[in-house]
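[1] fold the following for me, if possible:
(one chain, ligands or ions: 2)
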Amino acid sequence: MSIKIFNTLTRKKEEFKPLNEKEIRMYSCGPTVYYFAHIGNLRAYLFMDNLRRVLKYNGYNLKHVMNITDVGHLVSDADEGEDKMMKAAKRENKDPFEIAQFYMDAFLADIDKLNVDRPEIIARATEHIDVMEEYVKKIIENGFSYQTEDTVYFDTSKLDKYGVLSNRNVDEQKAGARVEFDQSKRNISDFALWIKAPENHIMKWDSFFGKSYPGWHLECSAMGYKYLGDQFDIHTGGVDHIPIHHENEIAQSKGFSGKTPANYWMHVEFLQINGGKMSKSLNNLYTLKDLEEKGYEPLVYRMFNFTSNYRAQINFTFEAMDAAKVALNRLREGYLKHAEGNEDVSDEAIKEYEEKFLEAINDDLNMPVAMSVVWDVVKNPNKSKKLQNLLLKFDEVLGLDLKNYQKQENVLPEEITKLVQERNEARTNKNWAESDRIRDILIENGYTVKDSKEGTIVEKQ
Ligand code: AMP
Ligand code: ZN
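    Numbers count the residues shown, from 1 in each chain. Ligands and ions are numbered 1, 2, ... in the order given. Reported below is the predicted structural model:
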């Protein structure tokens, strides 16, 4: 069955046609490792994982590169402000290389917890400075740049068109610019390819431009080229990459080889919190660890993300997380329920479920519809191993690790066991008010409470 994906380049849903049937080559813009990833960032990697899994489910092999930005990303995407790594180094009074190692490890641990299928190649910018230097030299040689005292700029006026993804022309950009652009640039959309390092700049390398460092956009072009060639299938990122970072990647590639690097460009929309932006100042910026501390296992956050298509914004609330927690539990229970049975489910019925699921995931990763098929399977009143195997198959895309799920024994947290003992004592002493008070606390904590001859019996709802 064909896969349809929405291509930002053409602004259309298109049938996916790989360059090589045997192996799909793709590139995903990865994190800048200057702080812990927040759950908005993590949505981007859950989308990346979802795409990987859908392509694999369709039988494709993948060669997929994700970069780790550990140098050169200024505070704004448009070459303004300080280098994010340097800023973090000052904040934490550490070497920027140490910062990069620490937050890269934390990022990889987070995506592992979310059961993200890791790309085949994870490439750190600082380990590819030579590759970037070769790449930029060719852009310079091809006449797509100019040099000021401290920066080599890409000259966007040398292109047939700059702004192919966001479909804006340079005049529109000028009109929309918030600040006067740096006067050393010839055109507002020009951007830094290589930058001379100021005296106190720690991350710098000896290069054709003296002690210097690459512009942020260069790493993706250069590493994409190194591992995937000058044209590959899919390029992914967040919607924030469309107007600058990805336009600049395309510009660089045009300057380097005359080609647009990828045929399909896919972008994931942002996660919102309570209908608004996430920010430190609003005190609503959460990491995966924050969610864990609030009692949500990472896979609950994964489940939550299936409630929306990747091209739509998703609104994070703790109510929605509670619903995702219940849903994940229901799915696991359904999986176990079907393990017990040998009731008859026809091969036609299985085939129909499979077709509907495949149709949904191949329709630009329509996970809400795919999940509705999953629920139909869970709710099928006939307990059947065939249905269990089907859920296992679907889990290749869902990534909820069903095969390792076993029913948890009813192990109670210590404080709950203590409350149960106190309630039993209260009942022995016929202190009904105290017994009722403790019962209410147990219920508030999500337990059902029953009285038996042996005393209080509690169970997690
Ligand atoms: P950064 O580490 O800042 O370069 O961002 C890593 C990724 O997270 C990028 O692909 C962004 O597009 C993405 N991103 C940032 N904020 C959000 C958000 N609120 N929702 C979804 N993706 C986001
Ligand atoms: Zn990138």
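
[2] partners of Tyr153 in the sheet?
    Tyr146, Ala192 (DSSP bridges).

[3] what separation do you get for it and ligand 2?
    Using Cβ to the ion, to the nearest Å, one gets 19 Å for the distance from Tyr153 to ligand 2. Every residue, glycine included, has its C-beta placed from N, CA and C.

[4] that residue touches Trp194, doesn't it?
    No: judged on Cβ atoms under 8 Å, Tyr153 makes no contact with Trp194 at a distance of 9.0 Å.

[5] what does the lengthiest helix in the chain contact?
    Taking DSSP state H as the criterion, the chain has its longest helix at helix 318-339. By Cβ atoms under 8 Å, 6 or more residues apart in numbering, the residues outside helix 318-339 that reach it are 291, 294, 296, 299-301, 303-304, 307, 374, 377-380, 383-385, 387-388, 391-392, 400, 402, 405, 407.

[6] buried set for it?
    Met321, Ala324, Lys325, Ala327, Leu328, Leu331, Arg332, Gly334, Tyr335, Lys337, His338 (16 or more other Cβ atoms under 10 Å).

[7] how about those residues in JSON lines, adding pLDDT?
    JSON lines is the format used below for these (pLDDT from 0 to 100):
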{"residue": "Met321", "pLDDT": "97"}
{"residue": "Ala324", "pLDDT": "98"}
{"residue": "Lys325", "pLDDT": "97"}
{"residue": "Ala327", "pLDDT": "97"}
{"residue": "Leu328", "pLDDT": "97"}
{"residue": "Leu331", "pLDDT": "97"}
{"residue": "Arg332", "pLDDT": "96"}
{"residue": "Gly334", "pLDDT": "95"}
{"residue": "Tyr335", "pLDDT": "95"}
{"residue": "Lys337", "pLDDT": "93"}
{"residue": "His338", "pLDDT": "94"}
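
[8] and what about Ile188, helix, strand or coil?
    Here Ile188 is coil, with the state taken from DSSP: H, G, I helix; E, B strand; the rest coil.

[9] ok, Thr151 to ligand 1 distance?
    Computed as Cβ to the nearest ligand atom, to the nearest Å, the Thr151 to ligand 1 distance reads 22 Å.

[10] residue contacts, that residue?
    By Cβ under 8 Å, 6+ apart, the neighbours of Thr151 are Ser184, Ala192, Leu193, Trp194, Ile195, Lys196.

[11] if you set the cut-off to 6 Å instead, what comes out?
    Ala192, Ile195 (Cβ atoms under 6 Å, 6 or more residues apart in numbering).

[12] please begin residue numbering at 518 from this point
    From this message on, residue numbering opens at 518, which makes the last subject Thr668.

[13] got phi/psi on it?
    Thr668 adopts backbone torsions of phi -140, psi 140, taken as degrees, to the nearest 10.

[14] coming back round to it: more neighbours, Tyr670 and Trp711?
    The neighbour comparison of Tyr670 against Trp711 (other Cβ atoms under 10 Å) goes to Trp711, with 26 against 23.

[15] by contact count, what packs against the helix or strand containing that one?
    Applying DSSP states H and E as the criterion places Trp711 in strand 708-713. Under the contact criterion of 3 or more Cβ pairs under 6 Å, 6 or more residues apart in numbering; DSSP states H and E, strand 708-713 touches strand 668-671, strand 727-731.

[16] any buried residues in the longest one, and which?
    The reference is to strand 727-731. By 16+ other Cβ under 10 Å, the buried positions in strand 727-731 come out as Ser729, Tyr730, Pro731.

[17] name the nearest residue to the last one, ignoring sequence neighbours.
    Residue nearest to Pro731 in three dimensions, not counting chain neighbours: Met649, with 4.6 Å by Cβ to Cβ, 6 or more residues apart in numbering.

[18] okay, and the one you found sits in which element?
    Applying DSSP H and E as the criterion places Met649 in helix 646-658.

[19] and ligand 2, is that helix touching that?
    No: for helix 646-658, no contact with ligand 2 is found by Cβ under 5 Å from the ion; the gap never falls below 12.5 Å.

[20] figure out how far that helix is from the centre of its chain.
    Using Cα atoms, centre = their mean, to the nearest Å, the mean C-alpha position of helix 646-658 is found 29 Å from that of the whole chain.

[21] contacts only, for Glu976.
    Shown in contact with Glu976 (Cβ under 6 Å, 6+ apart): Thr965.

[22] any idea whether it is helix, strand or coil?
    Once three-state DSSP is applied, Glu976 turns out strand.

[23] related to what we said a few turns ago, just the angle for the strand holding Trp711 relative to helix 646-658, thanks.
    Angle, strand 708-713 to helix 646-658, by axes from the mean of the first three to the mean of the last three Cα atoms, to 10 degrees: 120 degrees.

[24] any residue of strand 708-713 up close to ligand 2?
    No: residues of strand 708-713 contacting ligand 2 under Cβ under 5 Å from the ion: none, with a closest distance of 12.9 Å.

[25] flag every buried residue along whatever helix or strand comes next after that strand.
    Using DSSP H and E, the helix or strand that follows strand 708-713 in sequence is strand 722-724. Judged by neighbour count (16+ other Cβ under 10 Å), strand 722-724 contains these buried residues: Trp722, Ser724.

[26] what strands flank strand 722-724, and is each parallel or antiparallel?
    Strand 722-724 is paired, per DSSP bridges, with strand 727-731 (antiparallel).

[27] which residues of the stretch 518-667 of the chain score low on pLDDT?
    Along the stretch 518-667 of the chain, the parts satisfying pLDDT under 70 run over 589, 592, 595-596.

[28] and it, which residues reach ligand 1?
    Neighbours of ligand 1 within the stretch 518-667 of the chain, by Cβ under 6 Å from any ligand atom: Cys546, Pro548, Thr549, Gly557, Asn558, Arg560, Ala561.

[29] and of those residues, the nearest to Gly680?
    Nearest to Gly680 among these, counting by Cβ to Cβ, is Cys546 at 18.3 Å.

[30] ok, of the contacts of helix 835-856, which come out buried?
    Using 16+ other Cβ under 10 Å as the burial test, the contacts of helix 835-856 include 808, 813, 816-818, 820-821, 824, 891, 894-895, 897, 900-901, 904-905, 908, 917, 919, 922 as buried.
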